[in-house]
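*Asks:* attaching a predicted model along with its sequence, questions to come.
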Amino acid sequence: MTDPAMSVTPYWELTFDADGDPDAGRRDRLLAEVTDRGVTDLVVLAHGWNSDRSAATRLCSRFFEPFPVLAPTARLGYAGVVWPSMRFSDEPIPDFPRAVAAELPPRPVLDKDTRHALLETFPGRATVIDRLARLLDQQSREDAELEEFGRLVRLLVEVVPPGPQALFAADTLAEGVPQDEPDILAGSTATVCEEFARAITRLEDPDGGRGFTVPDPWDGAHELLRQGTYYAMKRRAGTVGERGLGRVIGQLAAKAPRVRVHLVGHSFGARLVSFALRGLPEGVHTVKSVTLLQGAFSHYAFAARLPHDPRAGGVLQGQQNRVDGPLVCCYSSHDSALGTLYPLASRMAGDAQGVAEFGIGQVLGAKWGAMGHDGVQAVPGTPSLKLAEALTRLPTKGCVNVDAAAVVRRGGPPAGAHSDICHRELARLVLAAGRVH
């Protein structure tokens, strides 16, 4: 099935809800048609945060566009994974039209597009979202108003029982117990907002050219809402990956065992495709490569032991062995969403390390770092290559770190180059990882 707006054919769409349940019709269409269309290699792309299905489809179309030219004799098929995530509309996306990445009023106002996205992403929470918007509009100087804002953020993103999502928030395990309570949802709202406000000030004025200014805690409150929302997206990504995509790949292997699958994920989509490995049925070996683009999850997720805690390990430890080929992790120093804001948002409750005490630069290298900032960590034997090197001599097995900063470099604050992934070089890397010619 080909979408008229899609740049490649054949293309299928796989749609999942927040609990990982698929749209059965779209899934069955892929299973029924992939062999009939003569596909030998299926490239599956999972988006990260997107406002809606149309934005996700545009991303797939842009990313897939170079593939037919780069591999003209390959019998390629393409699939886009669409799942209920969102982005804040003030985050620019390089090369996307203004309708997708619009010029918006300065923070901390909650613009109407973001408010609509929140309502779509968190159904049944309209009262909470309206109150959050009013608090951002009013920007009261009262401490109680800021604390109420934090309480409402926690209420917005909490899991509604009895769904499975609570099982998928952690990136690491300490003696088998998931570590999944970030400080932003457990600590003092005022302290968290002050840290976020300082971080944003540094991102927007890295050289200090504006002189000394006192950060507005409501700038930090806006960022707290963003990061709280993304915590929910991170949790959903794991759920959709393991309970949704992993099972569909198993069904595809049963239906079309000769079709080679190549998983690609951006941001939280990188977490999604990684958790799909954990959801593969026993004996399925059809995943031939995984490419993670600016992965928004812990750089220790695949580690057997954490350097700072030998009792703890990554929640995906050993899952790279489910890939009959390499697991390639692309990262960029120009990604400020992952380099600065992600460690602050991911720090666990009770961890004292923060901007106030140690400075942003040291937070970047702390234990709460992201895949998309510095690659897979604490997995022995993981080589690190520049993108140009990787395109000429990519290993055929195991984890591989690829510094993609040469192309993933455009974008303004607060996210930086986080969404700058539609490049011919990255398409070539996916094909190289999958040994597709």
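*Replies:* Perfect, I can see it now. From a predicted model like this one, the values you see are computed outputs, not experimental measurements.
*Asks:* quick one: low-confidence parts of the stretch 1-150 of the chain?
*Replies:* The stretch 1-150 of the chain contains residues with pLDDT under 70 at 1-4, 51, 92, 96-108.
*Asks:* residue ranges of the helices in it, please?
*Replies:* Along the stretch 1-150 of the chain, the segments classed as helices by DSSP state H, counting those that start in this stretch run 24-33, 53-64, 67-70, 112-121, 126-138, 143-157.
*Asks:* now do the contacts for Ala417.
*Replies:* Neighbour list for Ala417: 94, 294, 332, 334-336, 408-411 [criterion: Cβ atoms under 8 Å, 6 or more residues apart in numbering]. Heads up, the C-betas are built off the backbone N, CA and C, glycines and all.
*Asks:* who wins for neighbours among those?
*Replies:* Gln294 (32 neighbours; other Cβ atoms under 10 Å).
*Asks:* so that one touches Leu338, yeah?
*Replies:* Yes: between Gln294 and Leu338 there is a contact at 6.4 Å, judged by Cβ atoms under 8 Å.
*Asks:* most widely separated two among the contacts of Ala417?
*Replies:* Distance extremes for those: the farthest pair is Pro94 and Ser336 at 13.8 Å, using Cβ to Cβ.
*Asks:* surely Val248 is within a strand?
*Replies:* No: judged by DSSP: H, G, I helix; E, B strand; the rest coil, Val248 forms no part of a strand; its state is helix.
*Asks:* looking at it, it is touching Leu14, isn't it?
*Replies:* Yes: counting by Cβ under 8 Å, Val248 touches Leu14, with 6.3 Å between them.
*Asks:* okay, now His262: neighbour count?
*Replies:* Close neighbours of His262, defined as other Cβ under 10 Å, add up to 24.
*Asks:* Arg75 too?
*Replies:* Arg75: 14 surrounding residues under other Cβ under 10 Å.
*Asks:* what do you get for the one 3 residues further on?
*Replies:* Neighbour count for Tyr78, taken as other Cβ under 10 Å: 25.
*Asks:* next up, the contacts around it.
*Replies:* Tyr78 makes contact with 6, 8-12, 42-45, 60, 64, 67 under the criterion Cβ under 8 Å, 6+ apart.
*Asks:* and these, which of them are buried?
*Replies:* Using 16 or more other Cβ atoms under 10 Å as the burial test, the contacts of Tyr78 include 6, 8, 10-12, 42-45, 60, 64, 67 as buried.
*Asks:* including distance to Leu394, could the residues you listed go into CSV?
*Replies:* Shown next, in CSV, are the buried ones among the contacts of Tyr78 (distance: Cβ to Cβ, whole Å):
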residue, distance to Leu394
Met6, 28
Val8, 23
Pro10, 27
Tyr11, 26
Trp12, 27
Leu42, 20
Val43, 16
Val44, 19
Leu45, 19
Cys60, 23
Phe64, 20
Phe67, 17
